[in-house]
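[1] When you get a sec, could you give me coordinates for this:
(one chain, ligands or ions: 2)
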Amino acid sequence: MLNGTLDTIGRLIEPGRVSRRVYTDPDIFELEMQRLFGRSWLFVGHESQIPNPGDYFTTELGRQPVIMIRHRDNSVRVLLNRCTHRGAKVLNERSGNAPRMSCLYHGWVFDSDGKLIGVPVAEGCSANFDTNDFGLAPVPRIETYRGFVFASLAAKGISFDDHLGGMKANIDDLADRAPDGKLALDAGVHRYMFHGNWKLQVENVLDSYHVPFGHASTVSKDGTQFARREGDERGAKVIEKDRTAADWKIRRSYDMGHGHGWTSNTKLDDDKRSSPVYEAYVNALAAKVGEARANDILKPKFHNSLIYPNVSIMGLNIHVRVIKPIAVDLTEVNVYPIRLVGAPEAINAANIRLLNVTHSAASFVQTDDAESFFRVQKGLQSQLTEWVDISRGLGAEDHDQDTNAPRGKATDELVVRGQYRAWLDYMREAA
Ligand code: FES
Ligand SMILES: [Fe+2]
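    Numbering: from 1, shown residues only. Ligands and ions are numbered 1, 2, ... in the order given. Below you'll find the model as predicted:
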C-alpha cells in the first residue's frame, strides 16, 4: 500500500523510466486527485461557451463538479456544483441558461454569482440561519487568458502567470489567426472515453514517434498521411523506405516546464495550402492585420501543445482537447472545435468538418490512439515487469534560445520526462 511519503513516490520515477504503478495503482490515482488535480491550474472552459448572462457550462476539475457561469455584471464565475443544503449537484446539464439555479432536491435557489436567494418553507430554518453562509462556493482561484478560463482548487500555489509561462505563445498563435483576434468554442464537442489512465492521453498529444506506426492506416503507399486542412495539397510525409521520413524526424519538441510542452511543425506544412476557401480566409485576415502580419501569423509554428495537466491545444487541425481523469483506468476526453471569429463561414465549417475525420469518437486518427491506450493499460497488468521506458533522446536535448527551453526531436520522449518531473513536484509535496 502506498503511503504517499516523499520517499515512496520518488521511487516510482527514474531517469528515463517510470513504474507501471503510476498508470495502474488506484492509491496513486487518489493521490493525484488530491495533490495534482487538487491544486494545479486546470483548464475549465472558454468564455465563448457562455456569451450571455446566465449562460452556464458544467464540467469537472479532477473529479469535482463545477459550474462556469456568466453573472449579470458579465463576469465569469466558477462555482462548485454542489448544493449547500444536502449536497446535490445543482446543474445537471452540460450547458444552458440559468440566471437562477434551482436545486432539484428541495428547491433551494441560487443566483448566478452563487448567492443563495431562495429557500422553500423558510419557517423550518433555524433562527440563526443566514443565507450568506450558504452560497455556492467559488473555486479559490480563477484566471483568464484570451478567453481561456483556468481555475485552481487550492487557495495558494504558483501564480497563473508563472504557471502558464511560455505556453501563452501557443494560445496567442491560435487566437491571432482569427481576424477579430478571438476564438469561439461554440461549435459542439466530440466526447470519447477510453479504458486507460489519463496520462496516456496527456503523453500522446506530443508523441511524434507513434504516428507512422500507430496511424499506419491513414498513410498512403508513398508514406504520406492524408491531407488534413482546408487547402492542403498533400499531407505530411511520415514514412520513406519503410522508416520514419527525414522530414518527420526534423520536427522538434519543447519542454516548457511545469509539465507543459509543444511540438513544432517545421517546413512540413509551409506554403502548401491553397484553395478558394483558404484564400478568402487569408484575405479576411490580411484586411484586419495587414498582409505582412497575416503571413507571419499563418506560418505554421506549432503542431500540438499541452498545458499540463488537462488541456491540449492543437495548432494543425485546430481544436482544444480537455482530458478528464475518472478512475485509474478510465478517462474522458472532450474535443472542442474552434471557430476563428471574423473568419469566413466556409473556413470555419471546413475546420469543424475536419475534426470529424481526425478526432471524433469515430475518426480515422483518434480511434488508433484510443486502441493503443487500451492495449497499454492491458499490457501493464503484467506485474513481473516493473518499468515503462521513456528514455528516447535522454541527454540529447539542446537549449533553444528563442523559447529558453530544452528542445529535442519530436520523436524523442523529452516532453514525457518533463511531464513526470512536474508530476513528481506535485505528488511529493504533502497537501
Ligand atoms: S440538496 Fe439541494 S435543496 Fe436540498
Ligand atoms: Fe496519435
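[2] Leaving out the residues flanking it, which one is nearest to whichever residue of the stretch 201-350 of the chain sits closest to ligand 1?
    In the stretch 201-350 of the chain, the residue that lies nearest ligand 1 is residue 326 (23.6 Å; CB to the nearest ligand atom). Heads up, the C-betas are built off the backbone N, CA and C, glycines and all. Excluding the flanking residues, the one nearest residue 326 by CB to CB, 6 or more residues apart in numbering is residue 332, at 5.7 Å.
[3] Residue 288 now?
    residue 179 (4.3 Å).
[4] shouldn't the one you found be in contact with residue 343?
    Yes - using CB atoms under 8 Å, residue 179 is in contact with residue 343, at 5.7 Å.
[5] Which neighbours do the two have in common?
    Common contact partners of residue 179 and residue 343 (CB atoms under 8 Å, 6 or more residues apart in numbering): 284-285.
[6] and the closest residue to residue 204 other than its chain neighbours, what does it touch?
    Spatial nearest neighbour of residue 204, excluding adjacent residues (CB to CB, 6+ apart): residue 369 at 5.5 Å. Contact partners of residue 369, counting by CB under 8 Å, 6+ apart, are 201, 204, 210, 214.
[7] Which one (most neighbours) among the residues you listed?
    In terms of neighbours by other CB atoms under 10 Å, those top out with residue 201 at 25 neighbours.
[8] give the contact list for it.
    Residue 201 neighbours (CB under 8 Å, 6+ apart): 194, 323, 331, 333, 369, 373.
[9] cutoff 6 Å now
    Residues counted as contacts of residue 201 (CB atoms under 6 Å, 6 or more residues apart in numbering) are 323, 331, 333.
[10] and this protein, which residues reach ligand 1?
    83, 85-88, 103, 105-108 (CB under 6 Å from any ligand atom).
[11] switch to 8 Å and redo it
    83-88, 90, 103-108 (CB under 8 Å from any ligand atom).
[12] Now flag whichever of those residues is closest to residue 16.
    Of all those, residue 16 sits closest to residue 87, with 45.0 Å by CB to CB.
[13] still on that earlier bit, going by neighbour count, which of the contacts of residue 201 comes out on top?
    residue 331 (24 neighbours).
[14] Which of the helices or strands spans it?
    Residue 331 belongs to strand 330-337 when assigned by DSSP states H and E.
[15] Could you do residue 420 as well?
    With DSSP H and E as the criterion, residue 420 is inside helix 414-428.
[16] Buried residues in that helix, which are they?
    414-420, 422-424, 426-428 (16 or more other CB atoms under 10 Å).
[17] Disregarding residues adjacent in the polypeptide, which is nearest to residue 385?
    In space, residue 385 is closest to residue 20, 7.3 Å off (CB to CB, 6+ apart).
[18] swap that for residue 19, sorry
    Nearest to residue 19 is residue 12, by CB to CB, 6+ apart, at 4.2 Å.
[19] Now do residue 12 against residue 378, distance only.
    20 Å (CB to CB, to the nearest Å).
[20] Tell me which of the two has more neighbours.
    Each of residue 12 and residue 378 has its neighbours counted (other CB under 10 Å); residue 12 has more, 20 against 12.
[21] Give me the spatial nearest neighbour of the residue most central in space within the chain, chain neighbours excluded.
    With distances taken as CA atoms, centre = their mean, residue 311 lies nearest the centre of the chain, 1.3 Å away. The shortest distance from residue 311 to any non-neighbouring residue, by CB to CB, 6+ apart, is to residue 43 (3.6 Å).
[22] quick one: the strands in the stretch 251-400 of the chain?
    Using DSSP state E, counting those that start in this stretch, the strands of the stretch 251-400 of the chain run over 252-257, 260-264, 302-307, 311-314, 319-327, 330-337, 339-340, 387-389, 398-400.
[23] Make TSV from those strands and add distance to residue 227 and mean pLDDT to it.
    As requested, the strands of the stretch 251-400 of the chain are exported to TSV (distance: least, CB to CB, whole Å; pLDDT from 0 to 100):
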stretch	distance to residue 227	mean pLDDT
strand 252-257	23	97
strand 260-264	19	96
strand 302-307	15	95
strand 311-314	16	97
strand 319-327	17	98
strand 330-337	18	98
strand 339-340	20	98
strand 387-389	34	98
strand 398-400	29	96
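[24] Pick the most deeply packed of these.
    Neighbour counts (mean count of other CB atoms under 10 Å) averaged over each of the strands of the stretch 251-400 of the chain peak at strand 260-264, with a mean of 27.
[25] quick one: contacts for residue 341?
    Here residue 341 is in contact with 178, 180, 182, 184 (criterion: CB under 6 Å, 6+ apart).
[26] hey, what's the residue nearest to residue 326 bridged with?
    residue 193, residue 324 (DSSP bridges).
[27] Can you name the residues that contact it?
    So residue 332 contacts 193, 324, 326 (CB under 6 Å, 6+ apart).
[28] cool, and residue 37?
    Residue 37 touches residue 62, counting by CB under 6 Å, 6+ apart.
[29] mind listing the strands for the stretch 51-200 of the chain?
    Under DSSP E, counting those that start in this stretch, the stretch 51-200 of the chain gives strands at 55-61, 64-70, 76-80, 95-97, 100-102, 109-111, 116-118, 141-145, 148-152, 183-184, 190-194.
[30] The second one to strand 148-152, inter-axis angle?
    Counting by axes from the mean of the first three to the mean of the last three CA atoms, to 10 degrees, strand 64-70 points 140 degrees away from the direction of strand 148-152.
[31] in its sheet, what does strand 64-70 sit against?
    strand 55-61 (antiparallel), strand 76-80 (antiparallel).
[32] what stretches of the chain score poorly on pLDDT?
    In the predicted model, the chain carries pLDDT under 70 at residues 1-7, 266-271, 431.
[33] can you pull out the helices in it?
    6-10, 21-24, 26-31, 160-164, 168-176, 198-204, 211-214, 246-249, 276-289, 291-298, 345-358, 366-379, 414-428 (DSSP state H).
[34] got a list of contacts for the second one?
    The reference is to helix 21-24. 12, 28, 197, 380.
[35] re the thing from before, among the contacts of residue 341, which pair sits farthest apart?
    Taking CB to CB, no two of the contacts of residue 341 sit farther apart than 180 and 184, at 9.6 Å.
[36] Between those two, point out the one with more neighbours.
    Using other CB under 10 Å, the more surrounded residue of residue 180 and residue 184 is residue 184, with 21 against 14.
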